[in-house]
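Novice: Sequence and predicted structure are below.
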Amino acid sequence: MKEGAEVRNEREFPHGKSGQGVGARLPRKEDDRLMRGRGQYVADIRLAGLQDVAFVRSPMAHARIRGIHVPERYRGSVFTAADLVGIKPIRAVSGLPGFKISEQPVLATGKVRQVGELVAMCLAPTRAEAEDIAASVTLDLEELPAITDMLKAREPGSALVHEHWGDNVFLETNYEVDISAALDAPIKLTREISTARQCMSPLEGRGVVATFERRLDQLTLHSAAQMPHITRSGLAECLGMEEGQIRIISPDVGGGFGHKGILLPEEVCLSWLTMQRGHPVRWTEDRREHLVASSNCREHHYKITVYADRDGTLRGIDCEATVDSGAYSSYPFSACLEAAQVASILPGPYKMPAYRCRTFSVATNKCPILPYRGVARTGVCFALELMLDLVAAEAGLEPGEVRLRNLVLPDEMPFDNITRKHFDSGDYPEAMRRALAAIDIASIRAKQSQGETDGRRIGVGVSIYCEQAAHGTSVYSGWGIPMVPGHEQASARLTPDGGLELRVGVHSHGQGMETTLAQVAHEMLGIDVAKIRIILGDTAMTPYSTGTWGSRSMVMAGGAVATACRELGERALRIGAKLLQHDPASVVLQNGEVRGVNGSVSIQTIAHTWYRRPQDLPADVDPGGLEVTQGYKPVRDSGTFSYAAHAAVVAVDPDVGEVEILDYVIVEDGGVLVNPLVVDGQIYGGLAQGIGTALYEEMPFDASGQPLATTLADYLLPGATEVPAARLDHMETPSPYTQFGVKGIGEGGAIAPPAAIANAVNDALRPLGVELMQSPITPHRVVEAVLAARTAERSAA
Amino acid sequence: MKPAPFRYERPRDLNAALSMLAASSGFAKIIAGGQSLGPMLNLRLVQPELIVDISGLAELKRAEISGGELVLGALVTHADIEDGRTADVTRGAMRAVAANIAYRAVRNRGTIGGSLSHADPAADWISSLAALGARVTLRSLAGARTMAIEAFVVGALESALQAGEIVEAIHVPVRAASAHWGYAKSCRKTGEFAHAIGAVLVDPSAASARIVIGAIDTTPIVVTDAAELFGGRIAADYKQRFDARVADALLTKAGIDDATQRHIHVSVLKRAVLEAAA
């Protein structure tokens, strides 16, 4: 360990115990603003002369554009691809061999490839008037066969989304380790498993306010973005501008989940428009645009075979995974991140000697698939954990036993698994044992044997996953996408009155980083968190960063803040020593002051001296002063591995199909928790989204590629009444590689619930001969399966 | 999601409203609570020339017992009924239905007349009021007419309302002391429209039963003489005699081809039957 001396993994955080440092359950600072309705989101921004944009979007999934007809009276207010001279399409290339490139025009040219694709941009003083103009524009479209089924799209002879490819496959990958060794296993189970296409549905949708400031020769884009620096790079490429000419301001952001990491064609369009028109322009995504045209995710299909011994020991997995990537490759994550990751993460936290996985990223006439909280892991966990329950049933074992037989063991850490994922630390079996104990399997089995009086059936299900987070250069350089994270930087500046300003390039859209990063700084410097301001979400104000994604911000930005604060502390210490007339080696920085044997001097006084009384400074003072930018990488950047075991008890009505969650337990190990209260919030929020995946959320399409859930009346999201009061238990196994031993935990809550809930439903209905292998588990799917099982039983009898 | 341009009027009395509707030659929409019309306007699913906001019509907010029945003005809100601000002749049946319509914000603004006029097959009132044997009065400048709820709802989102006509009042008969009431619905989540509704009003001592299967793709199935669903006669043992096959046949006849959907509807109706109580 290179920097071992600087990495503190023991529970030795004095300020956590005092209530403000690492480990403190501190209420979120930003909530004072956000919970009182005083947040400022993109849609709240008012600029003089602002006009609104509405888009004409394709009503067809696949069509050739023969003409765009604009009424005479609206000429000059409507802009099409023909107007956007010099604007380049969005290109998100992957370096993986065989990847086929798609170019996403910011306004459609030649063809439209998805319902909702932008065709024309309409400008008016208000959004309502802009929508009136959009409604008056007529499109002459020649409909082409829509490609809506990713499995059929792989077959020869399918209609093509991008004709010059010759097929519809963005990328095919193949990973194999000795699969032939598994073939003689006594248990061999094969199933097809699928997860529905979903929409991410943050409370706030996307939105853009663009303006050009002549004085600065600078385009300023206010955008609900979680990765503003990456947005800037992508935008500069499309617009042909220097990055310095573009400033991205991302104010308060109401949830991101991946959707807000993507460079939008709307961002490019509005940037061009404001520079053309010379006044600010705005587009605010409405919920129909969000559902139909933008934020799709999750659609996976697995054909999976699990090999096991009679005692439940895994012998191998053989899988063919297909992801419906939609029409275009999105910037910066590309169209293949999801499917290609499946191959590397499908083994989950389990050991196995043999493995094979082929993956296909398939182009269809749907929205581009975007990386949603849990990226690929939710589908992988669903597929693998459902299969392990079948192994358990086949072997006559409790599902928990099969997990315990195959999980990576604590004394094997750090552990390199079959796909060479490097598990940093943890005790996975202990998490599973605690979950099984908390959910009380024995009492549920006893209850099941008695039967329910109300006709419902009780079931229990478990699942466990690992969440690789904050994976860095060594992982992402291999993907070859437009973005590779390197060192994360943070700036720390003492103000003349002894406050602290921290500038970071990550963003906070619900994660509570205005609090947790302040806690990290407090831990290092002892400054009251009330006097620490976090500045984020502005490319002009913050160090470069790939931004907030991949559960990386606490590991990376937290590490960077700690590193910058350590250096800042040393500089303050040298000034303090001079003021105390001590040798620097004989003083310490504690609780916000420099202490020596003769007394102490506060950071406030030190700051005052640097800024206001430089005559009192030591001769050898660091001329960099009390302003520091430092970079950070974990000792090893292959990622932290947090994990959790989930257990659910459900009651299922087999005749009406309703599923009620009766109990839910999560045993989570996120390493050292900077703020357990914030982590609890992350887990609860993720759980709600996982329940959505399990039971409610689905964006269906008809054969012509029309999305069918176009409002929230049809696209169901779980509400407060659908999310149970889950019981949380934390383990804290530090990561050996990161500052404080923290691990990324942002996505885990959304990964395991679909598998745990589906396993519980299947456990409830297994005596009826029912097996549900598709999410979401809707009443219709439950009853359909129950009726099919009854018919099968009758015909067998 | 902004509505297309429209004119807006807020008349002060019913006659003024009726005159505006008559003068608009059919291109007007009435808005009361706006819980259905609001989203439809914003989605531009309807683009009326004129919106007549009737929320200022005091005469439509009355609720009184008159002539042995409850007469509810069209502007009575779901929350008025839920909270017991209106008289009740159904011994709590309407109050319980009201309390489970959508969620509280909708109930605060949504009106009983608006819900009926919208005629959404999945809404609660068109099914529950049909089971309770309620009638509705429609008024236009030409006069008034009264009809049974089941006659008023003629299809999905289609009512018997003609141009210039407005729902004025709902007449709910007194529920007999011996009548059992059962109402069940299945919703994907709390507050969502139901995908299956069963409503039953069974009076074993009078050997009568009204049964409604609602939230199907078309008009609710209303059986006013429901003996066939109980093996040919209504008696104290009606719960044991419920015949799911008859209900299934009714759904098939109504054009519900999907056997799974039929099974869910029948199961929800059965739930209403089993939960029915005096």
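Specialist: Arrived safely. Predicted, not measured: the structure shown is a model, and the values here were computed from it. Numbering: from 1, shown residues only, chains lettered A, B, ... in the order given.
Novice: Find the residue closest to the closest residue to chain A within the stretch 101-250 of chain B in space, skipping its chain neighbours.
Specialist: For the stretch 101-250 of chain B and chain A, the shortest gap (Cβ to the nearest Cβ) falls at residue B:190, measuring 3.9 Å. Placement of C-beta: from N, CA and C, glycine included. With sequence-adjacent residues excluded and distances taken as Cβ to Cβ, 6 or more residues apart in numbering or on different chains, residue B:190 is closest to residue A:721, at 3.9 Å.
Novice: these two touch, right, that neighbour and residue B:189?
Specialist: Yes - between residue A:721 and residue B:189 there is a contact under Cβ atoms under 8 Å: 7.0 Å.
Novice: can you give me the strands for the stretch 101-250 of chain B?
Specialist: Taking DSSP state E, counting those that start in this stretch as the test, the strands found in the stretch 101-250 of chain B are B:135-140, B:143-148, B:153-155, B:158-159, B:166-173, B:180-187, B:194-203, B:208-214, B:221-223.
Novice: ok, the most centrally placed residue in chain A - contacts?
Specialist: Nearest to the mean C-alpha position of chain A, by Cα atoms, centre = their mean, lies residue A:373 at 3.2 Å. Contact analysis of residue A:373 by Cβ atoms under 8 Å, 6 or more residues apart in numbering or on different chains lists A:200, A:257, A:258, A:686, A:689, A:746, A:747, A:750.
Novice: measure the last one to chain B for me?
Specialist: Put plainly, it is residue A:750. Counting by Cβ to the nearest Cβ, to the nearest Å, the separation of residue A:750 from chain B is 18 Å.
Novice: Share the number of residues neighbouring the closest residue to that residue other than its chain neighbours, please.
Specialist: In this structure, residue A:750 finds its nearest non-sequential neighbour in residue A:686, 3.9 Å apart by Cβ to Cβ, 6+ apart. Counted with other Cβ atoms under 10 Å in any protein chain shown, residues neighbouring residue A:686 total 25.
Novice: Residue A:686 belongs to a helix?
Specialist: Yes - assessed with DSSP: H, G, I helix; E, B strand; the rest coil, residue A:686 lies in a helix.
Novice: Test my guess that it contacts residue A:754.
Specialist: No - distance between residue A:686 and residue A:754: 11.4 Å, which falls outside the contact criterion (Cβ under 8 Å).
Novice: who's in contact with the residue of the stretch 51-200 of chain A found nearest chain B?
Specialist: Residue nearest to chain B within the stretch 51-200 of chain A: residue A:128 (3.7 Å; Cβ to the nearest Cβ). Residues near residue A:128 by Cβ under 8 Å, 6+ apart: B:2, B:3, B:5.
Novice: check whether stretch B:170-182 contacts chain A.
Specialist: No - figure legend: stretch B:170-182 not in contact with chain A (Cβ under 8 Å from any Cβ of the partner chain); closest approach 14.9 Å.
Novice: mind listing what's buried in that stretch?
Specialist: B:170, B:171, B:172, B:174, B:175, B:179, B:180, B:181, B:182 (16 or more other Cβ atoms under 10 Å in any protein chain shown).
Novice: same question, stretch A:29-37
Specialist: Buried-residue list, stretch A:29-37, by 16+ other Cβ under 10 Å: A:29, A:30.
Novice: Check stretch A:141-161 too.
Specialist: A:141, A:144, A:146, A:147, A:148, A:149, A:150, A:153, A:158, A:160, A:161.
Novice: and that stretch, how far out from the chain's middle?
Specialist: Here stretch A:141-161 is found 29 Å from its chain centre; the criterion is Cα atoms, centre = their mean, to the nearest Å.
Novice: Quick one: end-to-end distance for it.
Specialist: Its start and end residues considered, stretch A:141-161 measures 16 Å (Cα to Cα, to the nearest Å).
Novice: contacting residues for residue B:138?
Specialist: B:144, B:145, B:146, B:147, B:152, B:160, B:161, B:165, B:166, B:167, B:168.
Novice: pLDDT score assigned to residue A:337?
Specialist: Residue A:337 is assigned 87 on the pLDDT scale.
Novice: you'd agree it is up against residue A:478?
Specialist: No - counting by Cβ under 8 Å, residue A:337 does not reach residue A:478; the two are 11.5 Å apart.
Novice: Which residue of these two possesses the greater neighbour count?
Specialist: Shown here are residue A:337 and residue A:478; by other Cβ under 10 Å, residue A:337 has more neighbours (27 against 13).
Novice: gap between the more buried one and residue A:96?
Specialist: 10 Å (Cβ to Cβ, to the nearest Å).
Novice: any shared contact partners between those two?
Specialist: With Cβ under 8 Å, 6+ apart as the test, residue A:337 and residue A:96 both reach residue A:479.
Novice: Name the residues of stretch A:192-207 that are buried.
Specialist: A:193-202, A:204-207.
Novice: Restrict stretch A:201-214 to CA atoms and write it as PDB.
Specialist: C-alpha atoms of stretch A:201-214 as PDB (Å, rounded to 0.1, in the frame of the first residue of the first chain):
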ATOM      1  CA  SER A 201     -38.200   9.500 -13.300                       C
ATOM      2  CA  PRO A 202     -36.300  11.900 -11.100                       C
ATOM      3  CA  LEU A 203     -38.600  14.400  -9.500                       C
ATOM      4  CA  GLU A 204     -37.000  17.100 -11.600                       C
ATOM      5  CA  GLY A 205     -36.700  16.300 -15.300                       C
ATOM      6  CA  ARG A 206     -34.000  17.700 -17.600                       C
ATOM      7  CA  GLY A 207     -33.900  21.400 -18.400                       C
ATOM      8  CA  VAL A 208     -31.700  23.900 -20.100                       C
ATOM      9  CA  VAL A 209     -31.400  27.700 -20.000                       C
ATOM     10  CA  ALA A 210     -28.800  28.900 -22.500                       C
ATOM     11  CA  THR A 211     -27.400  32.300 -22.900                       C
ATOM     12  CA  PHE A 212     -24.400  33.900 -24.600                       C
ATOM     13  CA  GLU A 213     -22.400  36.600 -22.900                       C
ATOM     14  CA  ARG A 214     -20.700  38.800 -25.400                       C
END
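Novice: model confidence over that stretch, on average?
Specialist: Mean pLDDT, stretch A:201-214: 96.
Novice: count of neighbours near the nearest residue to residue A:618 once chain neighbours are set aside?
Specialist: Spatial nearest neighbour of residue A:618, chain neighbours left out: residue A:578 (3.8 Å); criterion: Cβ to Cβ, 6+ apart. Using other Cβ under 10 Å, residue A:578 has 22 neighbouring residues.
Novice: Give the helix, strand or coil label for residue A:578.
Specialist: Here residue A:578 is helix, with the state taken from three-state DSSP.
Novice: what does residue B:12 give?
Specialist: coil.
Novice: what about residue 241, how many neighbours?
Specialist: Using chain A here. Other residues near residue A:241 come to 17 when the count uses other Cβ under 10 Å.
Novice: my bad, the chain I had in mind was chain B
Specialist: 16.
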